[in-house]
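[1] sequence? don't have it. structure:
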Ligand SMILES: Nc1nc2c(ncn2[C@@H]2O[C@H](COP(=O)(O)OP(=O)(O)O)[C@@H](O)[C@H]2O)c(=O)[nH]1
């Protein structure tokens, strides 16, 4: 067994962990008011775990912020509140519902309606309100083509926008967080992780994640090839029918557009095996990413994390 | 050991598959090639053949290929990023890709091959263990291929693979491959590359990429992927020179004060002696703390928190080293840089240098030469433009603790940041402190003797002669019957600078000497009223005063300047404005206790009460002059005695008559 401990310590996962910790410490040192964007998904859970490591034995020196679409699986919120409680960190909630109520954004209508795109405004509002100058996101470069060029320190102008043509070169471990008043940074400590790395790491580090990620029985229906869960936020279209299936989620987001996969992977090891054999990207199950080839890029330009 | 708990459980519970992943290590490589050499196709092929491509991605590119009216799958599309680029059909930046085999995880920094090329490749290369240089077999070794090799060598990427692509278009000819290999080997002998491997491939058909080619049985070497999987990178780390740049101070409560950082190089254990830079104080490592528990040793690349036995003031940007193995400490630095900004290098303004976890102000004093990246020739230059690489000399406001990039990448690399646009404008690799014997002889090599002398002259003496003054200083001096000079009084607040200078000024004036006193407190109201007391502002304060002093100097006066001027580099800048022999640095030396007792402006008291920060000697550093023209120990002499000593020094320097 001690040989696997040694291997683990020398593995690529420890390399990635070291890189992420370095980035987090740089942010804490270079910025005045960082915040960690916490979606409740596995990537942000891993970020929180890394933040604990980075500042140990001190507590995490920044708050978490949840941009809440209001379309959550209840498990996500329970998990979030428990985690925040254990860590003793402050949680800010930027609510899409509030933004809709205040007329800051307009709810999409129709069966394909999604609140993913509506997260941008409450996010930017909250960053401004609390004067956060750096926001950690769990984005990974392997997720999507438009992200392959993203920097660890991603500069946003005063409108929260990302200009793909005007990003600073990033060299060695020298992260340039200089900025003008009102500008801020999105920081991605997991840039170089793949989905597989994240799962492996969760496994080896024994990190607690919501049960939604493990195979369980749930009522789902098929919408254009995506398995959506029955929730209070979606109504069935003609021709769609609920069935009870054994499924799990590969990502956890807005419950109205996060697709489930049929799976019997009810343990970490089985999940890892399943991911290894998977022939579809995890975003393949995200309904709204399929809308256009350049969907993600469009959202990023507007300030999506 | 307590640290193993969490890991142990997880590892015990894992399957063979899980353990297989434990054996994986990480290789970061960068790819370079001219447009159309097949770089995107090669990477696409690697991703495809190593099954790193998912079906939905494959479907997407099949669709995209069809939309473009292409037959089959265009693998190059896989690595093609942003929409603008897709529309232009080119890639414009560094993109990162990932794939893994059971042995290794790979991070590919994919850099495009057109105009912006140099900057992008330098960026991609800065984190790479290995560089892939693509050569189109039909075209052979092009200037660009050499440029790629040069950059790999400049950035000291330990391993280079030359992939000779499109072998299918040269009938898989062994002769063609051998000729390219010969030519490139000859060229690379001039470079600093330790390990270079040539592999004939066809990215389009997959020959020798992942699977062995059936068309080239004359080739005995490994396939491209096999080589990537097996190249040994473990020995590339520096485990000898312990360097620990402090990232931040971790202080959860009164009883714990730790220093967070990632070890740049070397190994450290509890109980070992360490020295703190810049203070030079020594102590011992108490604990090496991590989330998993305390460690018995830690080495390069590990993020840790270190506590030490003694209470020493340590903050971000300081460095822990071993007393017997310290890096260079200097504020004059020679470096190779790649210029990355549209705005060319400007020697008349300052930049911010980011080096390890430190940030200080820096001036580029001199561009020694520019390297023509295609011919490797050195050319004379006085600036650097976007994508140009050259050798420069920098002066920093405070010393850096560094090693040459060659011996230690982590402590030898830096970036320059524009203080106004905040952009990263240059990537730098430190060669060493400036004007070492090695540098000088290198320069001698670079220029003919005469040019060299001129270059050295330019480096040594900044322009001290003002041309075209209406009434030259010499004429004024003749009329005055004494020479002009600048007397610079430096020392702590309360050391006696002003008091001495006032007495001296009166005596000079009474003796008919044209004189003027510039006092720190007066200029702070007007000329420098917009400046504070940070290191940057102090530097600017002294710069302005230096220029003002120079005006009085050119007007023929004996200028007396009384400024705390705590930084050596700032004082040396002023010294450089005045010809040799006319600048007199007077160190008004007093111990802090005496200065505190005198406290003429009540500054020490305010500082004690927390009303002011950055008080020199208390909460900001004072760098005593190394070889001042005169030192006055004012604790042991009267004001008149002190003034008298300066008077005598002026006489013996031939400035005034006795
Ligand atoms: N015949 C042949 N064509 C190739 C090979 N590799 C790439 N190509 C073609 O060369 C062109 C440029 O390739 P691409 O990968 O886009 O080049 P890049 O600009 O270096 O990324 C494309 O039409 C490829 O299909 C090869 O090994 N053999």
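    Structure's in. What do you need? Since the structure is predicted, the reported quantities are computational estimates derived from the model, not experimental observations.

[2] in chain B, where's the longest helix?
    In chain B, ranked by residue count with DSSP state H as the criterion, the top helix is helix B:535-554.

[3] for residue B:543, give me its contacts.
    In this structure, residue B:543 makes contact with B:570, B:573-574, judged by CB atoms under 8 Å, 6 or more residues apart in numbering or on different chains. For every residue, glycine as well, the C-beta is placed using N, CA and C.

[4] might you list the low-confidence residue ranges for the chain?
    I went with chain A, as the question did not name one. A:1-9, A:111-113, A:145-146, A:160, A:163-166, A:278-305 (pLDDT under 70).

[5] could you do chain B instead?
    Scanning chain B for pLDDT under 70 picks out B:1-23, B:51-62, B:64-66, B:68-92, B:112-116, B:433-468.

[6] nearest the middle, which residue of it would you pick?
    In chain B, the residue lying closest to the centroid (CA atoms, centre = their mean) is residue B:414, at 2.3 Å.

[7] separation between that one and residue A:23?
    The spacing between residue B:414 and residue A:23, counted by CB to CB, to the nearest Å, is 18 Å.

[8] over to residue B:231?
    As for residue B:231, its distance to residue A:23 is 27 Å (criterion: CB to CB).

[9] looking at these two, which has the bigger crowd around it?
    Taking neighbours as other CB atoms under 10 Å in any protein chain shown, residue B:231 and residue A:23 compare with residue A:23 leading, 22 against 19.

[10] residue A:192 is in contact with that one, correct?
    No - the pair residue A:23 and residue A:192 fails to qualify as a contact (CB atoms under 8 Å) at a distance of 10.2 Å.

[11] looking from the ligand, tell me which residue of the stretch 1-150 of chain A is nearest.
    Proximity of the stretch 1-150 of chain A to the ligand (CB to the nearest ligand atom) peaks at residue A:148, 14.1 Å away.

[12] which stretch of helix or strand covers the closest residue to chain A within the stretch 401-550 of chain B?
    Closest contact between the stretch 401-550 of chain B and chain A, by CB to the nearest CB, is at residue B:422 (3.8 Å). Here residue B:422 sits in a region with no helix or strand, counting by DSSP states H and E.

[13] quick check: closest non-adjacent residue to it.
    Spatial nearest neighbour of residue B:422, excluding adjacent residues (CB to CB, 6 or more residues apart in numbering or on different chains): residue A:178 at 3.8 Å.

[14] ok, now which ones touch that neighbour?
    When contacts are counted by CB under 8 Å, 6+ apart, residue A:178 touches B:352, B:417, B:419, B:422.

[15] can you map out the strands along the stretch 151-300 of chain A?
    Per DSSP state E, counting those that start in this stretch, the stretch 151-300 of chain A carries strands over the ranges A:153-156, A:184-187, A:216-223, A:226-229, A:243-249, A:260-262.

[16] ok, which of the ones you listed comes nearest residue B:136?
    Among those, the nearest to residue B:136 by CB to CB is strand A:153-156 (34.6 Å).

[17] parallel or antiparallel, which strands does the closest one pair with?
    Based on DSSP bridges, the strands next to strand A:153-156 in the sheet, each with its direction, are strand A:184-187 (antiparallel).

[18] phi first, then psi, for residue B:391.
    The phi/psi pair for residue B:391 (degrees, to the nearest 10) reads phi -110, psi 120.

[19] which strands or helices does the strand or helix carrying residue B:410 pack on?
    With elements taken from DSSP H and E, the one containing residue B:410 is helix B:409-412. When contacts are defined as 3 or more CB pairs under 8 Å, 6 or more residues apart in numbering or on different chains; DSSP states H and E, helix B:409-412 packs onto strand B:243-245, strand B:389-402.

[20] residue B:414 - that's part of a strand, no?
    Yes - counting by DSSP: H, G, I helix; E, B strand; the rest coil, residue B:414 is part of a strand.

[21] okay, now the residue lying closest to it once chain neighbours are set aside: neighbour count?
    Spatially, and ignoring its direct neighbours in sequence, residue B:414 is nearest to residue B:355 (4.0 Å; CB to CB, 6+ apart). A count of neighbours around residue B:355, defined by other CB under 10 Å, yields 24.

[22] what about residue B:355, distance to the ligand?
    Summarising the geometry, the distance separating residue B:355 from the ligand, computed by CB to the nearest ligand atom, to the nearest Å, is 34 Å.

[23] contacting residues for that residue?
    Taking CB under 8 Å, 6+ apart as the criterion, residue B:355 is in contact with A:174, B:400, B:402, B:411, B:413-414.

[24] can I get the contacts of residue B:543 in JSON lines with neighbour count?
    Compiled in JSON lines, those are given as follows (neighbours: other CB atoms under 10 Å in any protein chain shown):
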{"residue": "B:570", "neighbour count": "23"}
{"residue": "B:573", "neighbour count": "18"}
{"residue": "B:574", "neighbour count": "22"}
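
[25] what's the first helix or strand after the lengthiest helix in chain A?
    When every helix of chain A is counted residue by residue (DSSP H), the longest turns out to be helix A:12-30. Downstream of helix A:12-30, the first helix or strand assigned by DSSP H and E is strand A:34-37.

[26] who are the packing partners of that following strand?
    Contacts of strand A:34-37 with other secondary structure elements, assessed using 3+ CB pairs under 8 Å, 6+ apart, are made with helix A:42-55, strand A:64-68, strand A:134-136.

[27] and the ones you listed, which is most packed in?
    Most buried of the helices and strands packed on strand A:34-37 by mean neighbour count (mean count of other CB atoms under 10 Å in any protein chain shown) is strand A:134-136; its value is a mean of 26.

[28] quick one: that strand to chain centroid distance?
    What separates the centre of strand A:134-136 from the centre of its chain is 13 Å, taken as CA atoms, centre = their mean, to the nearest Å.

[29] how about residues contacting that strand?
    With CB under 8 Å, 6+ apart as the contact definition, strand A:134-136 has outside contacts at A:24, A:27, A:30-31, A:33-37, A:47, A:51, A:65, A:127, A:177, A:184-189, A:305.

[30] what sits closest to residue 201 if chain neighbours are left out?
    No chain in the question, so chain A it is. Beyond its immediate neighbours in the sequence, the residue positioned closest to residue A:201 (CB to CB, 6+ apart) is residue A:13, lying 5.2 Å away.

[31] to clarify, I was referring to chain B.
    Leaving out its chain neighbours, the residue that sits closest to residue B:201 by CB to CB, 6+ apart is residue B:208, at 4.5 Å.

[32] quick one: contacts for the one you found?
    B:167, B:199-202, B:216, B:219, B:223-224.

[33] check residue B:305 too.
    For residue B:305, the contacting residues are A:56-57, B:250, B:258-260, B:288-290, taking CB under 8 Å, 6+ apart as the criterion.

[34] quick one, what contacts the residue in the stretch 551-658 of chain B that the ligand sits nearest to?
    Using CB to the nearest ligand atom, the single residue of the stretch 551-658 of chain B nearest to the ligand is residue B:569, 46.5 Å away. Taking CB under 8 Å, 6+ apart, we find residue B:569 in contact with B:331, B:395-398, B:539.

[35] nearest to the ligand, of those?
    When the contacts of residue B:569 are compared for distance to the ligand, the smallest value, 39.9 Å, is given by residue B:396; criterion: CB to the nearest ligand atom.

[36] quick check: bridge partners of that closest one?
    Per DSSP bridges, residues listed as beta-bridge partners of residue B:396: residue B:362.

[37] just residue B:262 next, same as before
    The residues listed as beta-bridge partners of residue B:262 by DSSP bridges are residue B:303.

[38] and it, how many residues sit next to it?
    Around residue B:262 sit 22 other residues, with neighbours defined as other CB under 10 Å.

[39] excluding residues flanking it in the chain, which one is nearest the most centrally placed residue in chain A?
    When CA atoms, centre = their mean is applied to chain A, the residue found nearest the centroid is residue A:138 (4.7 Å). For residue A:138, the nearest residue in space outside its immediate sequence neighbours is residue A:43; the separation is 3.1 Å by CB to CB, 6+ apart.

[40] and the one you found, how far is that from chain B?
    Between residue A:43 and chain B the computed distance is 15 Å (CB to the nearest CB, to the nearest Å).
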